[in-house]
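Engineer: okay, sequence plus prediction incoming.
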Amino acid sequence: DLFTLKNSIQYPIWKNQVQLSLQSNTQTTLFNTKKIREGSNGETERYLYESYMSPGTITYSGGISYQFKTDGSLHLGLGSSKVTKIKRQSIFDSRQMETISGLNKGQRKKSEFGIVITTTIPVKQLGKRWYWESYCNFFSPMNKLMQPRYYTLDLNNVIHLTLLKYVRLSWRGKLQ
């Protein structure tokens, strides 16, 4: 499961298409996620991979948004902060890792200032029973603007096929 909560306050400055905006975007899982690996004795074992806000990110940004006439928006956050959290520290031991999402074992929170570019395209009908939606979030830390290996990208596309009145089949492609 993946939970994304996006909030935005906007003030129009030109033709209701360009706005000054403040946004927050929270991403985490709500429930424990377990994975399977081969243990030291050769048997398979389940281990905790993710939990609520372990890891989780909250991105705050202030900048300019552009609302497309055909739905969707583009946001450029020049004053942005990305907060990465790991509340459940036992996840380091269960994953057998010293660093997860840029945080070291024992570290609960990390804040970075930078630039955010976000695009959102709400559900659009492609055909009689086909729908598409898209969300993309790009973050570049301010102190590492010229070092692309520190950039983060979250690209999430979904294609929906409605089968019956209340049944749909969805394919989600996610790139992080």
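Structural biologist: Okay, I see it. What you see is a predicted model, and the numbers here were worked out from it, not measured in a lab. Numbering: from 1, shown residues only.
Engineer: name the nearest residue to Leu175, sequence neighbours excluded.
Structural biologist: Leaving aside its sequence neighbours, Leu175 sits nearest to Leu155 (Cβ to Cβ, 6 or more residues apart in numbering; 4.3 Å). In short, each C-beta sits where N, CA and C put it, glycine included.
Engineer: where does that neighbour land on pLDDT?
Structural biologist: What the model reports for Leu155 is a pLDDT of 88.
Engineer: and it, how far from Thr120?
Structural biologist: Applying Cβ to Cβ, to the nearest Å, the value for Leu155 to Thr120 is 12 Å.
Engineer: what does Ser51 give?
Structural biologist: 27 Å.
Engineer: which neighbours do Leu155 and Thr120 have in common?
Structural biologist: Shared contacts of Leu155 and Thr120 (Cβ atoms under 8 Å, 6 or more residues apart in numbering): 134-136.
Engineer: want to try CSV for those residues, with secondary structure, distance to Ile13 and neighbour count as columns?
Structural biologist: Compiled in CSV, those are given as follows (DSSP: H, G, I helix; E, B strand; the rest coil; distance: Cβ to Cβ, whole Å; neighbours: other Cβ atoms under 10 Å):
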residue, secondary structure, distance to Ile13, neighbour count
Ser134, strand, 25, 16
Tyr135, strand, 24, 18
Cys136, strand, 24, 16
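Engineer: now those as TSV including pLDDT and distance to His75?
Structural biologist: Listed next are the shared contacts of Leu155 and Thr120 as TSV, based on pLDDT from 0 to 100; distance: Cβ to Cβ, whole Å:
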residue	pLDDT	distance to His75
Ser134	89	14
Tyr135	86	11
Cys136	88	10
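Engineer: wait, which of those residues is closest to Gly173?
Structural biologist: Of all the shared contacts of Leu155 and Thr120, Gly173 sits closest to Ser134, with 9.7 Å by Cβ to Cβ.
Engineer: contact partners for the closest one?
Structural biologist: Going by Cβ under 8 Å, 6+ apart, Ser134 touches 119-121, 155-158.
Engineer: what subset of those residues is buried?
Structural biologist: With burial judged by 16 or more other Cβ atoms under 10 Å, the buried subset of the contacts of Ser134 is 119-121, 156.
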